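> Below is the sequence, then the predicted model.
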Amino acid sequence: MSMSSRKVLALAMAVSAVLLSPATAQAAADPQLRVLAVRSTADHEVSLVYQLQPMPLAPLPQGAVTVTSGGTTRPATASAILSDRTALAFIIDTSAGAAASLQGGGLSGMASFLLQLPPQASTTVIADRRPPAVIAPNSVGVADALRATSALRGGGTRATSDAVTLALRQLASTPGTPPVIVLYTSAPNAGGEPAAELGDRLRRANAVLAVVDTSPDPGYWSDVARATGGFAITSAPEQAITSFDAVADGLRSRYTVSLARSAVADEKVDLRVDTGPRVVTAAVAVGPEPAAVGTPGAGEDTGRSWVWLLGAGLLAVLVAVGIVLWERRARPEVQTAPPPEVLREPALPGVRVFDVADPAGPREITNSLFEPRIEREARARQEAGSRQKAGSAEGSVGHQSEPPDVPPSA
């Protein structure tokens, strides 16, 4: 290839690069919308957790998010996961097994994360130990949380499932705020509660879970966090600061939108987000409302609950049986008439009794209940006649026994 040909080729490549570079940069800057979780809350709402990548440089304006179904706009409430309205519960593994993680970089990483939270967000810090404890109560800002985490030391055993339950109770005290749970743990699981059950508990509470996991097996926490629209990061203790920075970025890129559940069982909705440079959309299938799942505490507490329920059921059965037996003993015996085929004949032959309630059709009564009265009346008449006859006879005899007055003979 000659020198002039090479110059022409180089010039063409330079021009192509200049022409294509804006398009390539624009394509790289175009936001991508991903729906991460569809959750059914306890108040019959549907909550969608979605992510925008890359993260918008400015907060989304009011009205930037709309939800439509069948061409009709649905009323919806949208908010960022991290904002001044956020209620965040920070669960920290303080067991003996986490002592090295705390001192090896965990405390510094947690402080770095807390300082990146919105200034008006409320924060609660919970120590994952047995029993779990609130070491920094719910308050606006991070001053109390920073003091509580800086003084942490490892010791004892953990109770992660109970710590999550305690965190959900703390978050429930601030209704109307996007609840977030951040967990720093060295445990490979929550201590016996299956990942699907824990994820469902968090999803129904409308909470998003983010985990920094220093255990060698990250699978459990990845499954639980993914069910809520959150994420889990595996980290060595000395990399905790970098890992917590990634947690802050991941939460800032996530948003939630809530709407009332429709009567349509398998409704499909369209999510539309106006990011400013571009409008992005996603179609979401909203399935039927799942069955309610309780929020258990420790395993031993759940066992006690079953024992109490069983005892209450047996007591109710015994009380019901006692009431039935008492009523049977207290109820007076009712003499029932013998069956029609064994009714005795009336005591007074020839006496017939009729029911004249319907003059057009008198009904003859053959029930023996009428017979005693008939017998009593007949017997009374007979006895009255006998007494009358006896009285007459006595009068006659007395008259005849007295000698007649005979005048003296001359």
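That came through fine.

> pLDDT weak spots in this protein?
Scanning the chain for pLDDT under 70 picks out 1-29, 41-43, 173-176, 263-266, 287-376, 378, 390-410.

> please redo it, this time with the cut-off set to 50
3, 5-28, 290-308, 333-349, 368-370, 397-410 (pLDDT under 50).

> In it, what residue spans correspond to helices?
3-29, 99-101, 107-114, 143-150, 160-172, 195-204, 219-227, 240-252, 299-330, 371-401 (DSSP state H).

> Contacts for the second one next, please.
Spelled out, that is helix 99-101. Residues outside helix 99-101 that contact it (CB atoms under 8 Å, 6 or more residues apart in numbering): 93, 153-155, 184, 186, 214, 237, 240. For glycine as for every other residue, the C-beta is placed from the backbone atoms N, C-alpha and C.

> Mind doing that once more with 7 Å?
The contact list for helix 99-101 (CB atoms under 7 Å, 6 or more residues apart in numbering) reads 153-154, 186, 214, 237.

> Return the distance of the closest residue to residue 160 other than its chain neighbours relative to residue 196.
By the measure of CB to CB, 6 or more residues apart in numbering, the closest residue to residue 160 outside its immediate chain neighbours is residue 190, 4.3 Å from it. Residue 190 is 12 Å from residue 196, where distance means CB to CB, to the nearest Å.

> Looking at these two, which is more packed in?
residue 190 (23 against 11; other CB atoms under 10 Å).

> So the more buried one sits against residue 162, correct?
No: Residue 190 is beyond contact range of residue 162, at 9.1 Å (criterion: CB atoms under 7 Å).

> quick one on the thing from earlier: can you pick out the most distant pair from the contacts of helix 99-101?
Using CB to CB, the contacts of helix 99-101 reach their maximum pairwise distance at 153 and 214, which is 16.4 Å.

> Those two: who's more crowded?
The residue with more neighbours, out of residue 153 and residue 214, is residue 214; 26 against 11, by other CB under 10 Å.

> Quick check, the more buried one in contact with residue 237.
Yes: if you go by CB under 7 Å, residue 214 and residue 237 touch, sitting 5.8 Å apart.

> tell me the contacts of residue 79?
By CB under 7 Å, 6+ apart, the residues touching residue 79 are 85, 178, 255-256.

> again, only this time at 8 Å
85, 178, 255-257.

> for residue 228, same thing?
If a contact means CB under 8 Å, 6+ apart, then residue 228 has 37, 39, 49, 199, 202-203, 207-209 as its contacts.

> Next one: the nearest residue to residue 177 once chain neighbours are set aside relative to residue 222, how far apart?
Of all residues beyond its chain neighbours, the one nearest residue 177 is residue 87 (4.2 Å), with distances taken as CB to CB, 6+ apart. Applying CB to CB, the value for residue 87 to residue 222 is 24 Å.

> Of those two, which one has the most company?
Between residue 87 and residue 222, counting by other CB under 10 Å, residue 87 is the more crowded of the two (22 against 18).

> In the sheet, which residues pair with the more buried one? Tell me.
residue 122, residue 179 (DSSP bridges).

> From what I see, it and residue 180 are in contact.
Yes: under the criterion of CB atoms under 8 Å, residue 87 makes contact with residue 180 at 7.2 Å.

> picking up where we left off before, of the contacts of residue 228, closest to residue 248?
Within the contacts of residue 228, the smallest distance to residue 248 is 13.2 Å, found for residue 208 (CB to CB).

> which parts of stretch 162-175 are buried?
Neighbour counts using 16 or more other CB atoms under 10 Å place 162-168, 170-171 of stretch 162-175 among the buried residues.

> likewise stretch 213-220?
So for stretch 213-220, counting by 16+ other CB under 10 Å, buried means 213-215, 218, 220.

> do the same with stretch 133-147
The neighbour-count check on stretch 133-147 (16+ other CB under 10 Å) flags 134-136, 138, 142, 144-146 as buried.

> contacts for it?
Contact partners of stretch 133-147, identified using CB under 8 Å, 6+ apart, comprise 87, 90, 111, 114-115, 117, 119-127, 148-149, 152, 166, 170, 173-174.

> Buried only: go through the residues you listed for me.
87, 90, 111, 114, 117, 121-127, 148-149, 152, 166, 170.

> of the contacts of residue 79, closest to residue 60?
Among the contacts of residue 79, residue 255 lies closest to residue 60 (CB to CB), at 7.3 Å.

> rewinding a little: of the buried residues of stretch 162-175, which is the nearest to residue 30?
residue 171 (34.9 Å).

> Against residue 383, how distant is that closest one?
94 Å.

> do the same with residue 216
111 Å.

> got it, and residue 84?
Counting by CB to CB, the gap from residue 84 to residue 383 is 106 Å.

> same deal with residue 74?
Separation of residue 74 from residue 383 (CB to CB) stands at 95 Å.

> Then residue 212?
For residue 212, the distance to residue 383 equals 109 Å [CB to CB].

> These two - which one has more neighbours?
Using other CB under 10 Å as the criterion, residue 212 and residue 383 rank with residue 212 on top: 27 against 10.

> Show me the beta-bridge partners of the more buried one.
Going by DSSP bridges, residue 212 is paired in beta bridges with residue 184, residue 233.

> tell me the contacts of it?
Taking CB under 8 Å, 6+ apart, we find residue 212 in contact with 109, 182-185, 232-233, 235, 240, 243-244, 247.

> Can I get the residues you listed in TSV including neighbour count and distance to residue 285?
Converted to TSV, the contacts of residue 212 look like this (neighbours: other CB atoms under 10 Å; distance: CB to CB, whole Å):
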residue	neighbour count	distance to residue 285
109	26	38
182	26	30
183	27	29
184	29	34
185	26	33
232	22	25
233	21	29
235	24	34
240	26	38
243	23	33
244	26	34
247	23	29
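
> Name the nearest of these relative to residue 56.
residue 247 (18.7 Å).

> out of everything not next to it in sequence, what's closest to that closest one?
Spatial nearest neighbour of residue 247, excluding adjacent residues (CB to CB, 6+ apart): residue 210 at 5.0 Å.
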